[in-house]
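Sequence first, then the predicted structure:
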Amino acid sequence: MWEAIVRSGSCIVAAACREATLLQVFEPWLLDAATMGTLRPCTNFNQLFRGEVLKNQLWKIARTTTIQKWEEAMEDMKLLNKEAYDWLEELPPNTWVRAFQSDWPKCDILFNNKCEVFNKYILEARELPMLTMIDRINQQLMTRVRSKQDEGEKFPGPICPKIATKLTKFVDLAAECYVLPAGSGVFDVRFRDRQYIVELLNRSCTCRIWDLSGIPCHHAIACMRHERITPTDQVHPAYSVQRFRRAYAHNIMPCRDKSEWAIVDNCPKVAPPHYEKKVGRPKKNRRKQPEEKQSKKGGIAMSKHGVIIHCSHCGNPRHNKSGCSWYKAGMPPKKQRRKKHRPMSDDSEEDVPVITQENSVHAGQNRQNYTFYDRNAGNPTVENVEDTMLEEMVPPPNTRSVHPMPLPDSTFISTEQSQNVAPGGSSSGVEHNIAAKFEAMKMANLREFEEKKESSLAAKLKKTAESKQLKSELAQQRRLHVQQKKEAAELRKLAAA
């Protein structure tokens with residue numbers, strides 16, 4: 001999509017179209033016009049060269065403001081993908097790169113989304129008949145202008161809020177700039193590893209951010225601090241709140257009722273457009289790019305085009321479990337090699353040695369072997385050093401002897417032994433007493449369980465008997481009530497006779 005901004009005297013005409021041939025039609029009237037391209041011609045780039053890295057590099061190239069930065073960004077693209085570099089080389093850079101565009105429009109928009117936003121805004125109205133559609137669009141624009149008027153009255157400060165947010169970011173970056181004044185409003189600014197020249201009187205910087213957008217860059221803001229100048233005063237007047245209010249100062253008037261319209265004679269009748277019903281549900285939403293599709297779990301939904309699938313049953317490529325011949329034949333699945341999950345560790349932590357108590361003692365015993373020079377010969381003794389290093393690297397053998405010992409007795413057994421051991425008694429009698437006591441405890445628990453079970457069963461039977469008795473009493477009461485009603489009815493008949 002192209003966007004041409006035409007300047008004719010004090011008038012500005014903006015024309016937008018999806019086809020570049022429309023500019024050729026209006027070329028005789030656009031001789032003195034300042035044209036500005038957008039990134040719309042590069043939409044095919046995402047279809048030819050997929051990947052988040054290439055897409056980010058494309059935006060980096062489009063956002064470059066100087067020719068030197070554009071060349072550096074193109075060289076980075078060449079290293080990433082040679083075919084993508086050749087494809088971008090065929091495009092004229094003045095149609096999509098900011099470094100080759102004019103600084104008159106004071107606009108840093110790379111995508112012309114204004115038409116898409118407006119189309120979505122009138123999406124429901126486009127499905128209506130002609131006159132109803134025009135009336136609905138008129139109502140929407142009328143209320144939008146009114147809401148923008150109210151919004152402009154609430155703006156704080158001299159510039160619009162979004163521009164103020166951009167300016168705040170530049171103010172934060174200005175703290176890293178080093179300013180050297182040269183005189184007459186010219187400054188030499190050092191920012192990180194680059195050098196820039198700022199001219200405050202001409203409102204320009206060699207980075208061309210201020211020239212293209214009309215918003216002072218961080219290099220210029222650092223110079224303004226040096227001269228005690230407020231950055232908001234140097235923003236282009238197009239971003240002021242006053243201009244915003246002037247843009248929405250005129251109201252869109254509502255239309256009169258259809259019955260009050262003037263009747264025009266000798267006017268050709270306009271027939272409705274030919275309606276051709278198409279197969280399927282009509283599409284209303286625009287086709288999104290691959291990087292715009294969102295997954296259900298969040299993030300970007302990456303396409304699986306070109307990915308070779310593997311079967312989870314046999315492990316062979318180009319089919320899944322449902323189409324696996326092994327699975328249909330009843331063969332056992334192939335054992336998959338499980339990947340060992342190693343714990344992530346920082347490099348700095350791996351370099352730090354872990355000293356245990358045994359290693360420290362072992363190092364203290366062999367500390368006398370660290371002799372780097374022989375006193376007699378005056379040469380370094382490599383043998384001693386190597387032996388010492390090997391002794392430090394190899395852990396010492398565990399020389400601690402382990403003697404088989406009986407397991408300790410439990411507290412219950414020890415207490416029972418101390419209580420039941422009689423003087424002069426034997427160990428077999430003690431074991432017999434412990435077994436008898438354990439059997440008695442078991443029987444007591446069993447009796448308690450049976451008693452609880454019987455009591456619960458008796459409670460259920462009692463409850464059932466009570467409920468049966470209550471039901472019988474209620475049934476008897478109903479029978480008596482019905483009999484009384486019959487007797488009363490017979491008495492009324494006899495009285496009437």
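Arrived safely, thanks for sending.

and the longest helix for this protein?
helix 427-496 (DSSP state H).

From the contact counts, what lies against it?
helix 411-420 (3 or more C-beta pairs under 8 Å, 6 or more residues apart in numbering; DSSP states H and E). No exception for glycine: its C-beta is placed from N, CA and C like everyone else's.

what mean pLDDT would you report for the helix it packs on?
Averaged across helix 411-420, pLDDT comes to 56.

repeat for stretch 229-242
93.

mind checking the end-to-end distance for that stretch?
One end of stretch 229-242 to the other measures 21 Å (C-alpha to C-alpha, to the nearest Å).

who's in contact with that stretch?
Identification of contacts with stretch 229-242 by C-beta atoms under 8 Å, 6 or more residues apart in numbering yields 106, 152, 155, 157-160, 163-164, 167, 170-171, 200, 203, 213-216, 220-221, 224, 243.

please redo it, this time with the cut-off set to 6 Å
106, 155, 158-160, 163, 214-216, 221, 224 (C-beta atoms under 6 Å, 6 or more residues apart in numbering).

Could you list the low-confidence segments of this protein?
The model of the chain has pLDDT under 70 over residues 1-43, 112, 289-293, 295, 298-306, 335-432.

now the strands: where do they sit in the stretch 101-250 of the chain?
Assigned by DSSP state E, counting those that start in this stretch, the stretch 101-250 of the chain shows strands spanning 177-183, 186-191, 194-199, 204-205.

Neighbour-wise, which one of the contacts of stretch 229-242 leads?
Pro216 (29 neighbours; other C-beta atoms under 10 Å).

And that one, how far from Ser204?
Distance, Pro216 to Ser204, using C-beta to C-beta, to the nearest Å: 10 Å.

Asn119 now?
Distance from Asn119 to Ser204, by C-beta to C-beta: 37 Å.

Same drill for these two, tell me which one is more crowded.
For the pair Asn119 and Ser204, the greater number of neighbours falls to Ser204 (16 against 12), based on other C-beta under 10 Å.

Just give me the neighbour total for the closest residue to Asp211 other than its chain neighbours.
Sequence neighbours aside, Asp103 is the residue nearest to Asp211 in space, at 4.2 Å (criterion: C-beta to C-beta, 6 or more residues apart in numbering). Using other C-beta under 10 Å, Asp103 has 16 other residues around it.

Specify the stretch among the strands of the stretch 101-250 of the chain that is closest to Ile137.
Nearest of the strands of the stretch 101-250 of the chain to Ile137, taken as C-beta to C-beta: strand 204-205 at 41.9 Å.

Parallel or antiparallel, list what pairs with the closest one.
strand 194-199 (antiparallel) (DSSP bridges).

which parts of the partner strand are buried?
196, 198-199 (16 or more other C-beta atoms under 10 Å).

Can you tell me which of these is closest to Gly323?
The closest of those, once distances to Gly323 are taken by C-beta to C-beta, is Tyr196, at 62.7 Å.

what's the spacing between that closest one and Gly183?
17 Å.

Next: Lys462.
111 Å.

neighbour count winner among these two?
Lys462 (10 against 6).

For Arg126, which non-adjacent residue is closest in space?
Per C-beta to C-beta, 6+ apart, closest to Arg126 is Met133, 6.5 Å.

how close does the nearest residue to Glu124 once chain neighbours are set aside get to Lys452?
Leaving aside its sequence neighbours, Glu124 sits nearest to Arg136 (C-beta to C-beta, 6+ apart; 7.6 Å). Separation of Arg136 from Lys452 (C-beta to C-beta): 79 Å.

Ala475 now?
Distance, Ala475 to Lys452, by C-beta to C-beta: 35 Å.

Ok, Ser259 next?
From Ser259 to Lys452 the distance is 91 Å (C-beta to C-beta).

Compare neighbour counts for the two and give me the winner.
Neighbour count, other C-beta under 10 Å: between Ser259 and Lys452, Lys452 has more, with 10 against 5.

Who are the contact partners of that one?
Contacts of Lys452 (C-beta under 6 Å, 6+ apart): none.

Is the residue nearest to Asp211 in contact with Leu212, as I believe?
Yes. If you go by C-beta atoms under 6 Å, Asp103 and Leu212 touch, sitting 5.2 Å apart.

on that earlier part again, how about a markdown table for the contacts of stretch 229-242, with distance to Ala436 added?
Output for the contacts of stretch 229-242, formatted as a markdown table (distance: C-beta to C-beta, whole Å):
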| residue | distance to Ala436 |
| --- | --- |
| Lys106 | 104 |
| Phe155 | 95 |
| Pro158 | 100 |
| Ile159 | 97 |
| Cys160 | 96 |
| Ile163 | 95 |
| Gly214 | 102 |
| Ile215 | 97 |
| Pro216 | 99 |
| Ile221 | 96 |
| Met224 | 101 |
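
out of those residues, what pair is the most spread apart?
So, the contacts of stretch 229-242 by C-beta to C-beta: farthest apart are Phe155 and Met224, at 22.6 Å.
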